[in-house]
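Asker: sequence and predicted model, in that order:
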Amino acid sequence: MGRGCRRIRRAAPPTLISFVSFYRSIGRRLTALMTPARNVLIFHSGALGDVVLSLSVGLAAARIFPQSRVIYVTANQKGRLAAELLGVEHLDIESGWPALHGEGELPEHVARCLAKTHTVISFLGAGGQWTKRVTAAGADGMRFIKLSTRPSADYRASLTTFWQSELKAAGHTALAAGLDQIVKLIQTRGLRLPGKPERNSSNSVVVHPGSGGVSKCWPLAGFLELAGMLRKSGRAVTLVIGEAERDRWDPAQLEALASTGTLCEPASLLQLAQLLSSAGGYVGNDSGPSHLAGVLGVPSVVLFGPTDEAVWKPLGPKVATLSAIPMQGITPASVLMSLAACQR
C-alpha cells in the first residue's frame, strides 16, 4: 500500500438481532398510534395491609376512567385479590417488570403494555431511572402519579387522606375527589367478594395473633385468654397464622393455640379472604389480615401499640381499635366488649 494511503475501516454490518429490535420498537409505536391508550397501571410492591389500603385508589381510578383497563402490577397473590374485590386486572410484578430498573431492552409484553398506558399510579420507592423508563415507554402524554406509602412522621390523619392531599397538590383533582367518595363508600358498605352476602350472621370469630413486626403484637397469652372467653360464650374460634408466625413460635405455643380453637394456615390470600368473609367477627393486631377483614365489612377489633391508629386504622364500616403502650395494657375483657359493640 502506497505512502499517504489510509486503511478505511468499514462499520460492522447491523446484526439480525439489531434489525429485529429496531422494527419491533417501530411496530409497537405504530400499534400504539393506531390503538387508543386504555391502560391504567397501578404499581405496588408493599405488604398485604399496604396493598389493601391502596384498593381505594384502584377503585377510584376505575370510576374516573370507566372505559379504561385498570391493571394492578404487584405480587401475584395480591393482584388476584385486587382482581376479585375490584373487578380489575392484574399482572405479576416479577414477570418481566424488573427490567424497568435496568438499561436493556424491555420484554415484549412489558413494552406493549406500557405503550397502551395513559396513566401510571406508582406506590414504589423507585428512583428517577425507573420513572424515566416508564414515562418513555408509555403513550404520548402519559400521566405519572407517585403516591407515598408512608406519610411524614408528624402526620396524624389517615393515609388515604394523605393521598388525597398528594393528588390535589399534583393537580389530579378529579382522582382526589374520586378517592374521597370511594373511601366514604368503603367506610359505609365495605367491599364484597363475588357471591358473598352483604350481611353475615355467623357466630364464628377469626383471630389473627400475629403481625409482620413483633413489636406490633399483643402478647400471645392475651389471645389465648380471649379465645377461651369466646368459646365459653358459644362462639366458634378460628386462629389464623401464616409463615411468619410458624417460624416465630415454638411447637408448644402453636399447640396452645390449637387447644383454644381451630388452627388454620390459609394456602392463599384468596382463601384467607374467603375465610374472613364467612366470619361473624375478627380480632387481630395491626396487620395485613386486619386490613383485609376491615374492608370486607367484618366486625373487627384491631389492636395497636407502637403504630399510630390515626394513620393505620383499617378502612371498613365496622372497625374498632384499642391501643396501649405497652400492649399488655389491653385486656381480653375490653377486646370482647369492643367486639360485641361492633357486632350490634
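Answerer: Everything's here; your move.

Asker: can you pull the contacts of residue 141?
Answerer: Residues near residue 141 by C-beta atoms under 8 Å, 6 or more residues apart in numbering: residue 118. All C-beta spots, glycine's among them, are computed from the backbone N, C-alpha and C.

Asker: that's a helix at it, yeah?
Answerer: No - going by DSSP: H, G, I helix; E, B strand; the rest coil, the assignment for residue 141 is coil, not a helix.

Asker: name the element the closest residue to residue 277 other than its chain neighbours belongs to?
Answerer: Nearest non-adjacent residue to residue 277, counting by C-beta to C-beta, 6 or more residues apart in numbering: residue 196, 4.8 Å away. Remark: residue 196 resides in no helix or strand, with elements defined by DSSP states H and E.

Asker: what about residue 196, neighbour count?
Answerer: Residue 196: 14 surrounding residues under other C-beta atoms under 10 Å.

Asker: pLDDT below threshold where in the stretch 1-150 of the chain?
Answerer: Scanning the stretch 1-150 of the chain for pLDDT under 70 picks out the ranges 1-34.

Asker: redo that, cut-off 90
Answerer: The stretch 1-150 of the chain contains residues with pLDDT under 90 at 1-36, 125-128.

Asker: can you report how many residues neighbour residue 262?
Answerer: Neighbour count of residue 262, defined by other C-beta under 10 Å: 13.

Asker: do a quick rundown of the strands in the stretch 101-250 of the chain.
Answerer: 117-122, 143-146, 204-208, 236-240 (DSSP state E, counting those that start in this stretch).

Asker: pretty sure residue 94 sits in a helix.
Answerer: No - with three-state DSSP as the criterion, residue 94 is coil rather than part of a helix.

Asker: SS state for the residue most central in space within the chain?
Answerer: The residue lying closest to the centre of the chain (C-alpha atoms, centre = their mean) is residue 51, at 1.1 Å. Three-state call for residue 51 (three-state DSSP): helix.

Asker: show me the contacts for the nearest residue to residue 107 once chain neighbours are set aside.
Answerer: Of all residues not flanking residue 107 in the chain, residue 96 sits nearest, at 3.8 Å (C-beta to C-beta, 6+ apart). Counting by C-beta under 8 Å, 6+ apart, residue 96 makes contact with 106, 107, 109, 110.

Asker: ok, residue 96 to residue 75 distance?
Answerer: Between residue 96 and residue 75 the computed distance is 14 Å (C-beta to C-beta, to the nearest Å).

Asker: and residue 108, by the same measure?
Answerer: According to C-beta to C-beta, residue 108 and residue 75 sit 22 Å apart.

Asker: between those two, who's got more neighbours?
Answerer: Between residue 108 and residue 75, residue 75 has the larger neighbour count (other C-beta under 10 Å), namely 20 against 11.

Asker: so where's the stretch 151-300 of the chain uncertain?
Answerer: In the predicted model of the stretch 151-300 of the chain, residues 152-153, 195-202 satisfy pLDDT under 90.

Asker: mind redoing it with 50?
Answerer: In the predicted model of the stretch 151-300 of the chain, no residue satisfies pLDDT under 50.

Asker: at which residues are the helices of it located?
Answerer: 159-169, 173-189, 220-232, 243-248, 251-258, 269-277, 288-295 (DSSP state H, counting those that start in this stretch).

Asker: rewinding a little: list the contacts of the residue nearest to the centre of the chain.
Answerer: 44, 74, 78, 81, 82 are the contacts of residue 51 under C-beta under 8 Å, 6+ apart.

Asker: ends of stretch 312-324, what's the gap?
Answerer: Stretch 312-324 stretches 15 Å from its first residue to its last (C-alpha to C-alpha, to the nearest Å).

Asker: show residues contacting that stretch.
Answerer: 49, 52-53, 56, 158-160, 183, 186-190, 286, 290-291, 293-305, 309, 330, 334-335, 338-339, 341-343.
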